[in-house]
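Undergrad: build me a structure from this.
(2 chains)
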Amino acid sequence: MIRRISPNHDRLQSLNGTWRDINGMPSLVSIPGDDRIVANLGIADLSFLTRFGVKGAGAVAWLESQKLEVPDRANTWKPLPDGGIIARLGLTEFLIEDSLHSSFALRLAEACQSVPAKVYPVLRQDAAIVLCGKAIQDLLRQTCSVNFQALSLAEHPVILTLMVGVSVTIIPILPDRYRIWCDGTFGAYLWETLLTIAQELGGGVVGVDRLI
Amino acid sequence: MKLMTCPINGSRPISEFFYGGELRSMPDPNMVTDEVWADYVFHRNNAPGIKCEWWCHIPSNSWFIAERNTLTDEIIHTYLWGEVV
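TA: As a prediction, this is how the structure comes out:
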């Protein structure tokens, strides 16, 4: 398996936590005391999950030919079997992210070695973050212009917006669990800024074992 | 906060957008005189009024057309290229 390093790796290394390789990426799985933080406001790095991107006018038909159920509206998402998500970013672009128990992204990456016309694979080397806890809205109000409380989570919205000046994709999975993706090169800045605000709000870093 | 409505992503602060220039039809450079081509490349009509402009929603890289009054900075309508207004 290819060795992967999280865009947030350097920011996490200084923490006195437990690490484990997940999908070929060293991942912070627990930190002493993170059980006290997780209910209030936790931030965790999920960059180790495998993901795949595809875009183009033929992307919907191609994904359906790969036995995937595609969201039918722009900026919505659907859960994948065995966990994971498929998100429709705008009209013709898709982000597929596996859970720990699925392998759609790897299968699609292999299948896209030979794709029909108007189907274009997109390299996804995102910094992937999850926010959890009851104080999420307090953090979002300080970092983003979108009013997330006005959204209906039952409609599975996908939000493409700016957060502290960085282009991000945000999915509110649950009222107390938000997923955030951004280009990996902005990952350390976004992580550090969100973490600083989270700490001011009484939160902090949590290991992924608390969340998955 | 000044808002603009992206046809795909909805109402967002203007800081999430950038301007891509006035919507103009490009003459075929192989079919027109140098004067007509140079006029297209170098000249702009900056008279204030209602203009159709290219705008882009930065986080999603969604390009669309905005009909805007450049005198009052009022955004009248936004739509995707190819959509019937």
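Undergrad: could you give the bridge partners of residue A:86?
TA: residue A:78, residue A:96 (DSSP bridges).
Undergrad: helix/strand/coil for the most centrally placed residue in chain B?
TA: Nearest to the geometric centre of chain B sits residue B:53, at 1.4 Å (Cα atoms, centre = their mean). Three-state call for residue B:53 (DSSP: H, G, I helix; E, B strand; the rest coil): strand.
Undergrad: and residue A:121, what are its bridge partners?
TA: residue A:54.
Undergrad: and it, how close does it get to residue B:18?
TA: Per Cβ to Cβ, to the nearest Å, residue A:121 is found 27 Å from residue B:18. For the C-beta atoms, the positions are set from N, CA and C on the backbone; glycine is no exception.
Undergrad: for the residue of chain B positioned farthest from its centre, report the pLDDT, please.
TA: Ranked by distance from the centre of chain B (Cα atoms, centre = their mean), the top residue is residue B:33, with 25.9 Å. If you check residue B:33, the pLDDT there is 97.
Undergrad: residue 21: neighbour count?
TA: Just so you know, I chose chain A. Residue A:21 sits with 13 neighbouring residues when counted by other Cβ atoms under 10 Å in any protein chain shown.
Undergrad: meant chain B actually
TA: So residue B:21, with other Cβ under 10 Å, has 9 neighbours.
Undergrad: who does the longest helix along chain A touch, helix- and strand-wise?
TA: Across chain A, the longest stretch assigned as helix under DSSP state H is helix A:187-200. Secondary-structure packing of helix A:187-200 (3 or more Cβ pairs under 8 Å, 6 or more residues apart in numbering or on different chains; DSSP states H and E): helix A:9-13, strand A:42-45, strand A:126-132, helix A:136-143, strand A:166-174, strand A:204-205.
Undergrad: try 6 Å this time
TA: Applying 3 or more Cβ pairs under 6 Å, 6 or more residues apart in numbering or on different chains; DSSP states H and E, we find helix A:187-200 packed against strand A:42-45, helix A:136-143.
Undergrad: kindly reformat these as TSV containing mean neighbour count and distance to chain B.
TA: Output for the helices and strands packed on helix A:187-200, formatted as TSV (neighbours: other Cβ atoms under 10 Å in any protein chain shown; distance: least, Cβ to the nearest Cβ, whole Å):
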stretch	mean neighbour count	distance to chain B
strand A:42-45	25	20
helix A:136-143	18	13
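Undergrad: take those and write them to TSV, including mean pLDDT and distance to residue A:102.
TA: Converted to TSV, the helices and strands packed on helix A:187-200 look like this (pLDDT from 0 to 100; distance: least, Cβ to Cβ, whole Å):
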stretch	mean pLDDT	distance to residue A:102
strand A:42-45	97	19
helix A:136-143	97	26
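Undergrad: gap between residue B:70 and chain A?
TA: 25 Å (Cβ to the nearest Cβ, to the nearest Å).
Undergrad: burial measure for that residue, as a count.
TA: With other Cβ under 10 Å as criterion, residue B:70 counts 14.
Undergrad: grab the nearest non-local neighbour of it.
TA: Spatial nearest neighbour of residue B:70, chain neighbours left out: residue B:48 (4.9 Å); criterion: Cβ to Cβ, 6 or more residues apart in numbering or on different chains.
Undergrad: and stretch A:170-182, what's buried?
TA: A:170, A:171, A:172, A:176, A:178, A:179, A:180, A:181, A:182 (16 or more other Cβ atoms under 10 Å in any protein chain shown).
Undergrad: pLDDT at residue A:3, what is it?
TA: For residue A:3, the predicted pLDDT is 83.
Undergrad: any idea how far it is from chain B?
TA: For residue A:3 relative to chain B (Cβ to the nearest Cβ), the value is 30 Å.
Undergrad: residue A:5 too?
TA: 25 Å.
Undergrad: burial count for the residue nearest to that residue when sequence neighbours are not counted?
TA: Ranked by Cβ to Cβ, 6+ apart and with sequence neighbours excluded, the top spatial neighbour of residue A:5 is residue A:25, at 6.6 Å. Applying other Cβ under 10 Å, we find 19 residues neighbouring residue A:25.
Undergrad: since that was my last question, I'll sign off now.
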